[in-house]
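Trainee: Quick one, structure for this:
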Amino acid sequence: MTQQNIQFNRNEDLNKREWDLISARLQKIYSGGGEKASAKQKEKGKMLCRERVEYLRDENTEWIELGAFAGYEMYPEHGGCPAGGVVTGIGYVGGRQCVIVANDPTVKAGAWFPITGKKNLRAQEIAMENRLPIVYLVDSAGIFLPLQEDIFADKEHFGRMFRNNAKMSAMGIVQIAAVMGSCVAGGAYLPIMSDEALIVEGTGSIFLAGSYLVKAAIGEEIDNESLGGAATQTEISGIIDDKFPDDKSCLDRIRYIMDKIGKYAEAGFSRVKPKLPNKNMSDIWGILPNERNKPYDSAELISRMVDDGIFEQYKQGYGKSILCGYARIDGWAVGIVANNRQIVKSKKGEMQFGGVIYSDSADKSARFIMNCNQKKIPLVFLQDVTGFMVGSRSEQGGIIKDGAKMVMAMSNSTVPKFTVIMGNSYGAGNYAMCGKAYDPRLIVAWPGAKIAVMGGEQAAKTLLQIEKANLKARGEIIDPTVEKELLAQITDRYNSQTTPYYAAARLWVDAIISPMDTRKWISMGIEAANHAPVMPFNPGILQT
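Mentor: Sure, this is the predicted structure:
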């Protein structure tokens, strides 16, 4: 067996082991608040949150879940918040692609943690950007009071959701809400600001204040069912449109409604009959090094993701540290901008490090991005980047200007952008390659992704120097043994914050996915984006 085959097998084993660990953690997340909390919901005759979503969705259709790792290892002092206490994703209901948002009452009665708010707003953002209908399956006790200061009053907090309800209504985006459990206080506005509001008898209730608060506030004694149950809100107040005897019949009505929605103007992105890659997709496991500093041929990865393996490069001989080119993914035309992890020679014969953005690569990428906007071709960014090249030669060559040109073109791009973090995503490289701050329609990470200002080793050494300077200012000197231990502690702490888990928990990425699912995510993302017409492109001022 050759050394190359040995390395391939080693990469494959390590990467698959990483994915197995992610899959195991996802299975635990899918259990929500656990068996006891789930049993309590069943005793009430309710379906579990994920059962509702599964029943609602059309059979044998694709589903991509957004933010499954939201809240991961956050809020330990409050018992955690699996999946942020809410399930969100893009799927098909009544033949229509839509966004689904379903509260999980097994997690603190579906109460809103800060990450819950962020996740709900991300789901609404996706619906608004792509003009997708959105379905809310409401079952929530409202704001989680111990953390109210982080979820109540600010611009991106709880109240933003109802502002978005109003904005989506004005945009003509269909919103359907089903009250399948608690719906209290400010949360009561969500179903009423939707186009259709449904409720389940016996389990669904909606009111601004429950019976205990009513008693405390005005002295009135009344039970929750009389206050805001299905009969009250459909037959007396009329704020809910229809009531249903159980979860399934309510979900059936949603499918019936979705089936009747008409079509709107589309973007018109090019799509032909899909073809599978002509090389084995599973080779990606072996090609991609588990060690993030090892080089590899990025073009080989791309050939295993695109239809028939065809990737037509743009300016192939220029700016070689980034690969740009045209391809199709599941039939959709795409423009790909990918960091090249090989060590290559520049046009001037100089060696260039893999994963670093040089001036010529930034210049090429800016031109390619503008071309894709001109041709109305969606963009796919494949990140494995350590940043822009530094040093006197780069600075004198205008790296800041060329980098700004790339960021300008990418930021003002009006065709939809999709980002896959395959490996490293460091510093300004994250920005230039369409990180979360630059509005990708979807952004996902592969299991080996690392997201940070810089690599762990460099950052730890920098932080150590700062710590040593602080101690020196106080007249203290670090013993070499203590210094080594301190460096190890700083490195471990920093590295723990660069993992895909850390990023996904905070919704810096929408999901951690298997490389085998990359085509599905991009295809469903473009299908969603195709519902919204593309605005004219203006790149802004690009210095030449």
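Trainee: Kindly check the end-to-end length of stretch 468-487 for me.
Mentor: 11 Å (CA to CA, to the nearest Å).
Trainee: right, I mislabeled it, should have said stretch 76-85
Mentor: End-to-end for stretch 76-85, by CA to CA: 14 Å.
Trainee: Provide the contact partners of it at residue level.
Mentor: Contact with stretch 76-85 is made by 28-33, 67-71, 73-75, 103-104, 107-108, 110-113, 115-116, 118-119, 140, 144, 146-147, as judged by CB atoms under 8 Å, 6 or more residues apart in numbering. All C-beta spots, glycine's among them, are computed from the backbone N, C-alpha and C.
Trainee: Kindly report the same for stretch 104-112.
Mentor: 32-34, 37-38, 40-41, 46, 48-50, 78-79, 81-83, 85-87, 103, 120, 139-144, 151, 158, 181-182, 187.
Trainee: if we can go back for a sec, quick check: helices, which of the contacts of stretch 76-85 are part of them?
Mentor: 28, 29, 30, 115, 116, 118, 119 (DSSP state H).
Trainee: Quick one: buried ones out of those residues?
Mentor: 29, 115, 116, 118, 119 (16 or more other CB atoms under 10 Å).
Trainee: Dump the residues you listed into JSON lines; add pLDDT as well.
Mentor: Shown next, in JSON lines, are those (pLDDT from 0 to 100):
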{"residue": "29", "pLDDT": "97"}
{"residue": "115", "pLDDT": "97"}
{"residue": "116", "pLDDT": "97"}
{"residue": "118", "pLDDT": "97"}
{"residue": "119", "pLDDT": "98"}
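Trainee: quick revisit: farthest-separated two in the ones in helices among the contacts of stretch 76-85?
Mentor: 28 and 118 (21.3 Å; CB to CB).
Trainee: Assumed residue 194 was part of a strand.
Mentor: No - secondary structure of residue 194 (DSSP: H, G, I helix; E, B strand; the rest coil): coil, not part of a strand.
Trainee: Need phi/psi at it.
Mentor: In terms of degrees, to the nearest 10, the main-chain angles of residue 194 are phi -90, psi 170.
Trainee: That one and residue 179 touch, don't they?
Mentor: No - taking CB atoms under 8 Å as the definition, residue 194 is not a contact partner of residue 179, at 10.3 Å.
Trainee: Those two: which is more packed in?
Mentor: The neighbour comparison of residue 194 against residue 179 (other CB atoms under 10 Å) goes to residue 179, with 31 against 22.
Trainee: The more buried one: which element?
Mentor: According to DSSP states H and E, residue 179 maps onto strand 175-184.
Trainee: mind listing what that strand pairs with, with the direction of each?
Mentor: strand 134-140 (parallel), strand 196-200 (parallel), strand 205-207 (parallel) (DSSP bridges).
Trainee: pLDDT on it, on average?
Mentor: If you average the pLDDT over strand 175-184, you get 95.
Trainee: mind exporting that strand as PDB, just the C-alpha atoms?
Mentor: The C-alpha trace of strand 175-184 is given here as PDB (Å, rounded to 0.1, in the frame of the first residue of the first chain):
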ATOM      1  CA  GLN A 175     -48.000  32.500   7.500                       C
ATOM      2  CA  ILE A 176     -50.000  29.700   9.200                       C
ATOM      3  CA  ALA A 177     -50.100  29.100  12.900                       C
ATOM      4  CA  ALA A 178     -51.500  26.200  14.900                       C
ATOM      5  CA  VAL A 179     -51.900  26.600  18.700                       C
ATOM      6  CA  MET A 180     -51.200  23.100  19.900                       C
ATOM      7  CA  GLY A 181     -50.300  23.900  23.500                       C
ATOM      8  CA  SER A 182     -49.700  27.000  25.500                       C
ATOM      9  CA  CYS A 183     -49.600  30.400  23.800                       C
ATOM     10  CA  VAL A 184     -49.300  33.100  26.400                       C
END
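Trainee: for that strand, the distance to its chain's centre please.
Mentor: Offset of strand 175-184 from its chain centre (CA atoms, centre = their mean, to the nearest Å): 24 Å.
Trainee: swap in stretch 221-237?
Mentor: 38 Å.
Trainee: What's the end-to-end length of that stretch?
Mentor: First residue to last in stretch 221-237 (CA to CA) measures 19 Å.
Trainee: tell me which residues of it are tucked away?
Mentor: For stretch 221-237, using 16+ other CB under 10 Å, the buried residues are 224, 227, 228, 229, 230, 232, 233, 234.
Trainee: Identify the farthest-apart pair in the residues you listed.
Mentor: 224 and 234, at 15.5 Å, using CB to CB across the buried residues of stretch 221-237.
Trainee: Mark which of the contacts of stretch 76-85 are buried, thanks.
Mentor: Buried among these by 16+ other CB under 10 Å: 29, 32-33, 67-71, 74-75, 103-104, 107-108, 110-113, 115-116, 118-119, 140, 144, 147.
Trainee: What are the boundaries of the strands in the stretch 51-200 of the chain?
Mentor: Taking DSSP state E, counting those that start in this stretch to define them, one finds strands in the stretch 51-200 of the chain at 64-66, 86-93, 96-103, 134-140, 175-184, 196-200.
Trainee: Parallel or antiparallel, which strands does the shortest one pair with?
Mentor: Spelled out, it's strand 64-66. For strand 64-66, pairing defined by DSSP bridges yields strand 86-93 (antiparallel).
Trainee: Kindly export the strand it pairs with (C-alpha atoms) in PDB.
Mentor: Only the C-alpha atoms of strand 86-93 are listed here, as PDB (Å, rounded to 0.1, in the frame of the first residue of the first chain):
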ATOM      1  CA  VAL A  86     -37.600  24.700  19.000                       C
ATOM      2  CA  VAL A  87     -37.300  22.700  15.800                       C
ATOM      3  CA  THR A  88     -36.900  24.700  12.500                       C
ATOM      4  CA  GLY A  89     -36.200  23.700   9.000                       C
ATOM      5  CA  ILE A  90     -37.100  23.700   5.300                       C
ATOM      6  CA  GLY A  91     -39.400  21.000   3.900                       C
ATOM      7  CA  TYR A  92     -42.400  20.400   1.800                       C
ATOM      8  CA  VAL A  93     -46.100  20.600   2.900                       C
END
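Trainee: From the chain's centroid, how far away is it?
Mentor: Centre to centre, stretch against its chain (CA atoms, centre = their mean), the figure for strand 86-93 is 13 Å.
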